[in-house]
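Asks: sequence isn't available, so here's the structure alone:
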């Protein structure tokens with residue numbers, strides 16, 4: 001493939017930023033240092049945002065500032081650096097609370113990411129509430145992170161994992177979902193937006209259906225918080241978890257929101273420092289929320305970086321970001337679909353920022369490799385959502401995913417790149 005890629009025609013047209021409805025993309029792109037570089041002699045076109053987003057200078061500076069001036073362990077320290085670091089760390093927690101409208105900062109648990117948030121709930125709430133013959137309900141759209149933890153719990157407890165189906169457009173079949181809710185359903189765990197095909201599920205209806213049967217709902221919000229306004233109180237979800245690195249923040253950092261009453265009743269997830277009030281060899285008394293679930297030295301710089309990322313997004317307005325990305329998705333869907341031999345995977349009416357597709361006669365990995373030679377970064381494979389691939393009877397897809405700094409011109413470059421792929425495999 002490398003030798004083929006080297007024979008490709010020369011430079012693609014460089015991307016130009018546009019201004020849609022007052023959203024000044026050209027100005028915003030200057031906030032992201034990584035976008036200034038060239039890849040293989042071409043200007044970087046980064047369309048892999050569903051995997052991880054790039055970081056604005058404000059986030060990079062916030063993390064550097066902490067390490068340069070405030071680096072210290074948080075909580076319990078009586079010296080000045082510890083006090084300052086603790087204040088920044090807890091300010092970040094309050095920033096998250098406001099961002100998703102949690103009732104209290106104590107409902108915000110810092111984790112390593114969405115995956116740990118789901119595992120935390122499965123191993124604490126799940127272990128204490130799920131027994132033999134009980135049921136856990138998920139959808140056919142889930143990321144592996146919202147499947148495997150429940151399979152582990154199922155196998156340990158002798159429970160059942162039920163799966164709500166989707167139609168050929170990738171939309172959740174609500175009637176079938178409701179039929180699967182039974183007296184044995186003990187928890188519902190659903191994605192908010194599919195990482196593989198971009199479907200936005202009807203979350204309010206799902207939560208209402210589950211709550212009518214007194215079933216709690218966990219939401220995997222990893223793909224939603226960068227693109228939608230999330231109000232956990234309005235949704236009335238019981239748990240909501242997301243990652244920092246998809247929200248323009250640092251890697252290795254995430255959030256689990258949980259209703260206080262549920263978190264209070266749940267046992268700790270891990271043991272160690274900071275999650276205790278007192279320890280003897282005979283007995284340990286656990287700390288109050290949220291610290292009961294935050295054993296050990298936390299990712300202080302990560303929390304501060306996440307807080308800075310949320311401040312950045314808030315300053316732009318999540319509604320403005322959503323409108324811009326909706327325009328990009330509509331434009332990209334039209335342009336890519338017009339190419340011969342393209343099959344778009346996932347055509348739900350409600351989608352966000354993800355365009356997955358197949359190119360006849362070309363494996364997605366080959367598509368991605370050739371596009372990389374042109375400086376275009378997309379994701380190829382099963383996207384940690386193999387059941388979605390099985391539902392649409394494809395081994396993998398090529399996936400372009402959009403963020404606030406992407407442009408229509410970059411979509412044009414993608415289309416030109418796909419034409420190059422077709423020329424190579426003609």
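Replies: It's in. All figures in this text were calculated on a predicted structure; none of them were measured in a lab. Residues are numbered from 1 along each chain as shown.

Asks: what about residue 262, how many neighbours?
Replies: By other CB atoms under 10 Å, 16 other residues sit near residue 262. Glycine gets a C-beta too; all of them are placed from N, C-alpha and C.

Asks: residue contacts, it?
Replies: For residue 262, the contact set (CB atoms under 8 Å, 6 or more residues apart in numbering) comprises 125, 216, 238-239.

Asks: that one and residue 246, how far apart?
Replies: Per CB to CB, to the nearest Å, residue 262 is found 25 Å from residue 246.

Asks: quick one on the thing from earlier: out of the contacts of residue 262, grab the one that's most surrounded.
Replies: That'd be residue 239 among the contacts of residue 262, by other CB under 10 Å, with 26 neighbours.

Asks: element containing the spatially most central residue of the chain, please.
Replies: Nearest to the geometric centre of the chain sits residue 222, at 2.2 Å (CA atoms, centre = their mean). For residue 222, there is no helix or strand it lies in under DSSP states H and E.

Asks: residue 195 too?
Replies: Going by DSSP H and E, residue 195 is not part of any helix or strand.

Asks: that older thread, touching, the residue nearest to the centre of the chain and residue 242? I think so.
Replies: Yes: when contacts are counted by CB atoms under 8 Å, residue 222 is listed as touching residue 242 (5.2 Å).

Asks: just checking, next helix/strand downstream of the helix or strand hosting residue 27?
Replies: Here residue 27 sits within helix 25-29, counting by DSSP H and E. Going down the chain from helix 25-29, the next helix or strand is strand 38-39, by DSSP H and E.

Asks: if we ignore the residues flanking it in sequence, what's nearest residue 114?
Replies: Spatially, and ignoring its direct neighbours in sequence, residue 114 is nearest to residue 222 (4.2 Å; CB to CB, 6 or more residues apart in numbering).

Asks: residues in contact with the one you found?
Replies: Neighbours of residue 222 in contact, by CB under 8 Å, 6+ apart: 113-114, 143, 145, 191, 195, 241-243, 246.

Asks: how does it look with 10 Å?
Replies: Neighbouring residues of residue 222 by CB atoms under 10 Å, 6 or more residues apart in numbering: 50, 113-115, 117-118, 143, 145-146, 191-193, 195, 241-243, 245-247, 254.

Asks: in helices, which of these appear?
Replies: Judged by DSSP state H, those include 114-115, 117-118 as members of helices.

Asks: any quick ChimeraX command for the buried ones out of the residues you listed?
Replies: To isolate the buried members of the ones in helices among the contacts of residue 222 in ChimeraX, using 16 or more other CB atoms under 10 Å:
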select :114,115,117,118
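
Asks: which of the ones in helices among the contacts of residue 222 sits closest to residue 418?
Replies: Nearest to residue 418 among those is residue 114, at 30.5 Å by CB to CB.

Asks: per-domain residue ranges of the protein.
Replies: Following the assignment in automatic domain parsing, the chain carries domains at 2-30+317-424, 59-315.

Asks: is it possible to get CSV of the ones you listed that adds mean pLDDT?
Replies: Formatted as CSV, these follow (pLDDT from 0 to 100):
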stretch, mean pLDDT
domain 2-30+317-424, 87
domain 59-315, 96
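
Asks: can I get those in TSV including distance to residue 40?
Replies: Formatted as TSV, these follow (distance: least, CB to CB, whole Å):
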stretch	distance to residue 40
domain 2-30+317-424	6
domain 59-315	24
